[in-house]
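Peer 1: Quick one, what's the 3D model for this:
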Amino acid sequence: MTRNKPLLFLIFFLFLTLQIFGKSPRVFAVIVGISDYKGTAVDLKYSDDDARLFHTYLLKAMPGETSAGRVELLLNSKASKSAIISSLNNIFKLATPDDFIIFYFSGHGSKGNFIPYDYQTNKISHYEIKQIFKNAQAAYRICIADACFSGSLSNGSATVNEFNAINNLKDNKMAIILSSKPNQLSKESFSMKQGLFSYFLIRGLTGFGDLNNDGYITVGELFIYTKNNTVKRSKGGQVPIIFGNQLEKIPLAKIRR
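Peer 2: Sure thing, here's the model as predicted:
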């Protein structure tokens, strides 16, 4: 995968937005990656690298849209609960119905929660994230999470409550891509030097996700590519999931010829 010269420009919901509003949207994004948690007991290896890569890729792919909007990167000790919530509220409230918002999180997760740097005293519930998205004015919203949901901070098989916890994140105004089922770990790959899900997600956006070779990558295509390869590489141990409406019709990217 070429990190510095992406093959395409990301256009999250751009074509649909242009048809409705007649102008290019601004991008408002909060990107979080936590490998070095407070203390050393639950550290990860590549989550901060995944976030840096996603951040760099987004800025290079959409320089006009991101510079007209605002993109914030929070890594490791900068990604406490208060910092993440504050950034989401402050940045997303700047978006108008002409714009779209993105939240990318790579780190630990537990039942119904994202786990911030200060996990020993705090957690961020899926419900909190959902409410922040609902309070924003942006017409187009995407949440991408590379995290365990019954994950490495808890043990045991999935229960009805765990699946309900995932459902608390769902909203018909959001496209949500999650790296694993609620009873699974989200794996890191030492050979890829990335989280397994994030590797294929970003690789898909560089062109491999154009499954029908029409020059565009939709949310549906990206998910199918990411899921199939994550499942194959993990031998079925990690299965990404997705929520949203008519995702196969929403263009995410146009391949740069």
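
Peer 1: and the residue nearest the centre of the chain, what element?
Peer 2: Nearest to the mean C-alpha position of the chain, by CA atoms, centre = their mean, lies residue 144 at 1.8 Å. Assigned by DSSP states H and E, residue 144 belongs to strand 140-146.

Peer 1: Mind listing the strands that strand pairs with, and their directions?
Peer 2: Strand 140-146 has its sheet partners listed here by DSSP bridges as strand 100-106 (parallel), strand 175-178 (parallel).

Peer 1: Please compute how far that strand lies from its chain's middle.
Peer 2: Strand 140-146 sits 4 Å away from the centroid of its parent chain (CA atoms, centre = their mean, to the nearest Å).

Peer 1: which residues does residue 239 contact?
Peer 2: Contacts for residue 239 (CB atoms under 8 Å, 6 or more residues apart in numbering) come out as 180-181, 184, 227, 230-231. Placement of C-beta: from N, CA and C, glycine included.

Peer 1: what about 10 Å?
Peer 2: Applying CB atoms under 10 Å, 6 or more residues apart in numbering to residue 239 gives the contacts 178-181, 183-184, 227, 230-231.

Peer 1: Just these: which are in helices?
Peer 2: 227, 230-231 (DSSP state H).

Peer 1: which of these tops the neighbour count?
Peer 2: Highest neighbour count within these, by other CB atoms under 10 Å: residue 230, with 25 neighbours.

Peer 1: Model confidence for that residue, exactly?
Peer 2: pLDDT, residue 230: 96.

Peer 1: again with the one 4 residues further on
Peer 2: The predicted structure scores residue 234 at 93 on the pLDDT scale.

Peer 1: Could you count how many residues lie near it?
Peer 2: Neighbourhood size, residue 234 [other CB under 10 Å]: 19.

Peer 1: isn't it right next to residue 184, touching?
Peer 2: Yes: under the criterion of CB atoms under 10 Å, residue 234 makes contact with residue 184 at 8.7 Å.

Peer 1: any chance of the strands paired with strand 140-146 in a markdown table, plus mean neighbour count?
Peer 2: Below are the strands paired with strand 140-146 laid out as a markdown table (neighbours: other CB atoms under 10 Å):
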| stretch | mean neighbour count |
| --- | --- |
| strand 100-106 | 27 |
| strand 175-178 | 24 |
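
Peer 1: I'd like those strands laid out as a markdown table, including mean pLDDT and distance to residue 193.
Peer 2: Listed next are those as a markdown table, based on pLDDT from 0 to 100; distance: least, CB to CB, whole Å:
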| stretch | mean pLDDT | distance to residue 193 |
| --- | --- | --- |
| strand 100-106 | 92 | 13 |
| strand 175-178 | 85 | 21 |
